[in-house]
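K.L.:
My questions are about this predicted structure, shown below with the sequence.
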Amino acid sequence: MWLRITVPAAIVTLAVLVALAVVAGRGLGPLRLSSVDHELGEALGPAAAAVSAGRPPAPVDGVILRVLDTAGGPLDGGPPPAHLGPGEIRALESGTSVHNGTMYWRGSVVTTPDGSLRLVAAGTGLVGLNSAVRMGSHWLLWAALIGAIVAAAATWLIVRTALRPVGRMRRSLRALPAGERLPVPEAHDELRALAADFNALLARQEEVSQRLRRFTGDAAHELRSPVASIRVQAEVAVANPDPELAQETLADILAEAERFSALLDQLLTLARSDAGEVQPAEPVELVTEARAAVKRMPPGSVAARVNGVVGSAWAYAAHAEVELVLNNLLRNACRYARSQIVVSVLAGHSTVRVVVDDDGPGVPPEHRERVFDRFYRVSDDRARSSGGSGLGLAMVAEAVRRRGGRVTVGESPEGGARFQVMWRRAGNVSAS
């Protein structure tokens, strides 16, 4: 982590500093000439005033002052200016500065007391200007390189220091005993949020592990019963070759095998649900599905009817899920109903409800919160005698939950249990 931060930071810093050094190096020459021009201007003003008053200009350290006629001839007793030709003289007279490589000149034309025109020129040497510019550019590049190195070292140190608490947290996480949580820092910063998220993740993992252990244990317990029954009955059939007893035993084995197969199907359905396998949703007409589910009830079941439903009610789900929900609710009601089961389909503004009422003993209030848990039975002996495995209502709750609905259990007007399933309404869909 520190390397991935330090290297890009160093590269960006070096690029910026080099760019600044190049720009500054290119500006050294013009800056130097600008300062020379300013100093010559300060020296030229008093000299021009003195010549205009008829006095010789006062000398200035580092500056050459010359008094010339308008043709460039010397009037101050000095030699002819070697660095000023006719073109340079005309430029100085027009007020333009002259730079001829080794000298820099500024000039001003004044009128003496006798009415003559004089050119007052101020100049200075520029020997070594190009070398100074090149050397300054090189020093700026070296400064940029050193600055980038210092910035990289500072970034590395800061990042290492900032990530040190993360390293301690990682070591604490590796040595964390089962069931414990990471200590949460007092400072309200990113590390505190990270520790809190880690603890929340650990809590979810422990919850999933506990559910998986409970599910595995309950599944093994449920599977042991039909397997043991099949084995005992097979041993009885082998030990007693009586044809009538063997036929009766085979019938019992077939019943246990069917129970075993149904239990495996339920376990596979829940496993697929836990793995996130969800069928595409589509509008499903619940009145038709409810009537078909009533017709699928096995012969000899308690009388069941769809209560006075007119028209259609469309829910947003999958056909297989609706069949699973209705089959399990009717199968559950059939186990406990005394004389009748009533199915109602109610369409609301945004939801559709399926209500299954029976006249059985009902579900006591203290069990209504847990009746949809896997392998949970209100009365274990009673559920076993009726063939229940404690998975049907769990599959109902899981199928409805995946579609954003909910399922509840309460007391029926018939005196037994009332199961209500609520789906999102799919709107008005015309049947083809």
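P.N.:
Now that the structure is in, tell me what you want to look at.
K.L.:
I'd like the next helix or strand past the helix or strand bottoming out on mean pLDDT in the chain.
P.N.:
Ranked by mean pLDDT, DSSP states H and E, the weakest helix or strand in the chain is helix 380-385, scoring a mean of 41. Later in the chain than helix 380-385, the nearest helix or strand by DSSP states H and E is helix 392-402.
K.L.:
need the next SSE after that following helix, C-terminal direction.
P.N.:
Counting by DSSP H and E, the next helix or strand C-terminal to helix 392-402 is strand 406-411.
K.L.:
which strands and helices sit next to that next one?
P.N.:
Identification of packing neighbours for strand 406-411 by 3 or more CB pairs under 8 Å, 6 or more residues apart in numbering; DSSP states H and E yields helix 392-402, strand 417-424. (Each C-beta comes from the backbone N, C-alpha and C, glycine too.)
K.L.:
can you map out the strands along this protein?
P.N.:
Using DSSP state E, the strands assigned to the chain run over residues 64-68, 98-99, 103-111, 117-125, 282-285, 303-306, 314-317, 340-347, 351-358, 406-411, 417-424.
K.L.:
now these in JSON lines, with mean neighbour count?
P.N.:
Formatted as JSON lines, the strands of the chain follow (neighbours: other CB atoms under 10 Å):
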{"stretch": "strand 64-68", "mean neighbour count": "22"}
{"stretch": "strand 98-99", "mean neighbour count": "17"}
{"stretch": "strand 103-111", "mean neighbour count": "20"}
{"stretch": "strand 117-125", "mean neighbour count": "20"}
{"stretch": "strand 282-285", "mean neighbour count": "17"}
{"stretch": "strand 303-306", "mean neighbour count": "16"}
{"stretch": "strand 314-317", "mean neighbour count": "24"}
{"stretch": "strand 340-347", "mean neighbour count": "20"}
{"stretch": "strand 351-358", "mean neighbour count": "23"}
{"stretch": "strand 406-411", "mean neighbour count": "16"}
{"stretch": "strand 417-424", "mean neighbour count": "22"}
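K.L.:
Columns distance to A251 on top of these, output as a markdown table?
P.N.:
Shown next, in a markdown table, are the strands of the chain (distance: least, CB to CB, whole Å):
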| stretch | distance to A251 |
| --- | --- |
| strand 64-68 | 131 |
| strand 98-99 | 120 |
| strand 103-111 | 122 |
| strand 117-125 | 124 |
| strand 282-285 | 38 |
| strand 303-306 | 27 |
| strand 314-317 | 38 |
| strand 340-347 | 28 |
| strand 351-358 | 29 |
| strand 406-411 | 35 |
| strand 417-424 | 32 |
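K.L.:
can you give me the offset of stretch 118-126 from its chain's centre?
P.N.:
Relative to its chain's centre, stretch 118-126 lies at 71 Å (CA atoms, centre = their mean, to the nearest Å).
K.L.:
what does it contact?
P.N.:
Stretch 118-126 is contacted by residues 36, 39-40, 43-44, 47-48, 51, 57, 60, 62-70, 72, 75, 81, 83-84, 89, 92-93, 99, 101-112 when judged by CB atoms under 8 Å, 6 or more residues apart in numbering.
K.L.:
circling back: looking at the helices and strands packed on strand 406-411, spot the one closest to D358.
P.N.:
Evaluated over the helices and strands packed on strand 406-411, closeness to D358 peaks at strand 417-424, with 5.8 Å, by CB to CB.
K.L.:
list the helices and strands the closest one packs on?
P.N.:
Packing partners of strand 417-424 (3+ CB pairs under 8 Å, 6+ apart): strand 314-317, helix 319-336, strand 351-358, helix 392-402, strand 406-411.
K.L.:
can we see that at 10 Å?
P.N.:
strand 314-317, helix 319-336, strand 340-347, strand 351-358, helix 392-402, strand 406-411 (3 or more CB pairs under 10 Å, 6 or more residues apart in numbering; DSSP states H and E).
K.L.:
Among these, show the one with the smallest mean pLDDT.
P.N.:
Among the helices and strands packed on strand 417-424, helix 392-402 carries the lowest mean pLDDT, at a mean of 83.
K.L.:
Any buried residues in that one, and which?
P.N.:
For helix 392-402, the neighbour count (16 or more other CB atoms under 10 Å) marks G392, L393, A394, M395, V396, A397, E398, A399, V400, R402 as buried.
K.L.:
With stretch 176-195 instead?
P.N.:
Applying a neighbour-count criterion of 16+ other CB under 10 Å, one finds L182, P185, L191, L194, A195 buried in stretch 176-195.
K.L.:
Tell me what the closest residue to R66 other than its chain neighbours is bridged to.
P.N.:
Once flanking residues are discounted, R66 sits nearest to A121: 4.6 Å by CB to CB, 6 or more residues apart in numbering. Counting by DSSP bridges, A121 is bridged to R66, G107.
K.L.:
hang on, isn't A292 packed against L326?
P.N.:
Yes: contact criterion CB atoms under 10 Å: A292 and L326 qualify, at 8.2 Å.
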